[in-house]
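>>> Got a predicted structure here, sequence first:
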Amino acid sequence: MKPISIKNFSPKSRILIVRLSAIGDVIRTLPAVHLIRRELPEAYLGWAVESLSYNLIKGHPEIDKFFVFPKKQIQQAIKKADFKEAKRLINDFGAELKSEKFEIALDLQNLFKSGMVTLLSGAKTRIGYKLGREGSKFLLTDVIKPPFNTYQKMCFVDWQMELVKRLGATNGDVRFVLPDYTVEESSIDQYLKSNNITTPYFCLAPGTSWPNKSWTPEGMADLADRLSDYGKVLVIGSELDRKIAKQVLQLAKTNPIDTIARFNLRELAVLLRKARLYIGGDTGPMHLAVAVGTQVVAWFGPTNPLVHGPYQKEAVILKSDLSCQPCNKRKCETIGCLRDLGLETVWGSIEPLLNRN
């Protein structure tokens, strides 16, 4: 039996891409999606995604249609023990996918839920990595041998690209294609003008999805004070980041601008594109900064920058190099890897960027 190859797909194949979440991972999947589109310019490409990421990439020029997986609604129904409603939601989503008559489904997440979506699609050909994680491989018809037995040994962007390459796609440049954010650009320009913010300004992201991926509030406050000599400092993040952002803002002697929960993801993309630097931890906005072409300075604690770091040659990575790094643990009693990261070390990496032409 010949291995499956993208070269043998019909030029007008109907293909479903399955990458549901998270925001940073969806962004890092964009180059793989671009490679698929480049190989099959006439194909019908759908993308199954969750609502938060959909808000960022809706209107994407390389995707014909998005299908929003109702994760929150299903979770709420299960929480209420309303299994009939949960089943209805799943069946309705499956019916929506089946109505598109997809021939091929590509699982770019390799979890049970993503494998189930490929099955719900009705596609006769369901492709993904041959991984044992959550048993997703048993829901596929064709499995591709991965470069390693876990994505934790390879840059995630390359990991996603590699699946498409192992299907026979020609090696191509990594491109982060994003939708048109013209509407959001007008909104950001108005915000900057009304707040007397001119370039250069800096986007400081104090929060992350894991508390132990954030640098100390004291360190970030002192950094904001030093950066204020070079331009405005905008503290960015979602409502979930408000607590640590508030600490940074209170500790700072200057006046960083609080923009927590002020912008949606599309507006944030524009804000980051116009910024001189993104400074923060391993989080979705860091990958968004890469996608829009903004210089990244990022600190890393429990996660591995070789896997989860910014896909950017000029990016500055700050870490302590302790023997326990990377631990990939969401909780840590000491958080020594970031607690012991000194201001002078951080500033020593940032200052040369500020003084160059």
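That came through fine.

>>> Tell me who's in contact with the residue lying closest to P285 once chain neighbours are set aside.
Excluding its sequence neighbours, the residue lying closest to P285 (Cβ to Cβ, 6 or more residues apart in numbering) is A205, at 5.1 Å. Where you see a C-beta, it was placed from the backbone N, CA and C, and this is true even at glycine. Contacts for A205 (Cβ atoms under 8 Å, 6 or more residues apart in numbering) come out as 235-237, 241, 278-281, 283, 285-286.

>>> What of I78?
Contacts for I78 were tallied using Cβ under 8 Å, 6+ apart; they are A86.

>>> before we move on, which element is it in?
I78 is part of helix 71-79, with elements assigned from DSSP states H and E.

>>> Buried ones in that helix, by neighbour count?
The neighbour-count check on helix 71-79 (16 or more other Cβ atoms under 10 Å) flags 71, 73-74, 77 as buried.

>>> Nearest to K113, out of those: which one, please.
Nearest to K113, judged by Cβ to Cβ, of the buried residues of helix 71-79 is K71 at 8.0 Å.

>>> So what's the residue count around the closest residue to the closest one other than its chain neighbours?
If the residues on either side of it in the chain are set aside, K71 comes closest to E50, at 5.2 Å by Cβ to Cβ, 6+ apart. Neighbour count for E50, taken as other Cβ atoms under 10 Å: 19.

>>> Confirm for me that E50 is in contact with R19.
No - the criterion here is Cβ atoms under 8 Å, and E50 misses it with R19 at 9.4 Å.

>>> Can I get stretch 337-344 in CSV, CA atoms only?
In CSV, the C-alpha atoms belonging to stretch 337-344 read as follows (Å, rounded to 0.1, in the frame of the first residue of the first chain):
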residue,chain,number,x,y,z
CYS,A,337,13.6,29.9,37.4
LEU,A,338,11.8,33.3,37.1
ARG,A,339,12.0,34.6,40.6
ASP,A,340,15.8,34.7,40.4
LEU,A,341,15.9,36.3,36.9
GLY,A,342,17.4,39.7,37.7
LEU,A,343,16.4,43.1,36.4
GLU,A,344,20.0,43.9,35.2
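
>>> May I see the buried residues of that stretch?
Buried residues in stretch 337-344, counted by 16+ other Cβ under 10 Å: 337-338, 341, 343.

>>> likewise stretch 101-114?
In terms of neighbour count (16+ other Cβ under 10 Å), stretch 101-114 has its buried residues at 102-111, 113-114.

>>> cool, and stretch 41-49?
Neighbour counts over stretch 41-49 (16+ other Cβ under 10 Å) mark 43-49 as buried.

>>> do you know how far the nearest residue to L354 once chain neighbours are set aside is from L353?
Among residues not flanking L354 along the chain, Y230 sits closest, at 5.0 Å (Cβ to Cβ, 6+ apart). Between Y230 and L353 the distance is 10 Å, computed by Cβ to Cβ, to the nearest Å.

>>> Ok, M220 next?
In terms of Cβ to Cβ, M220 sits 17 Å off from L353.

>>> Looking at the two, which one has more neighbours?
M220 (30 against 15).
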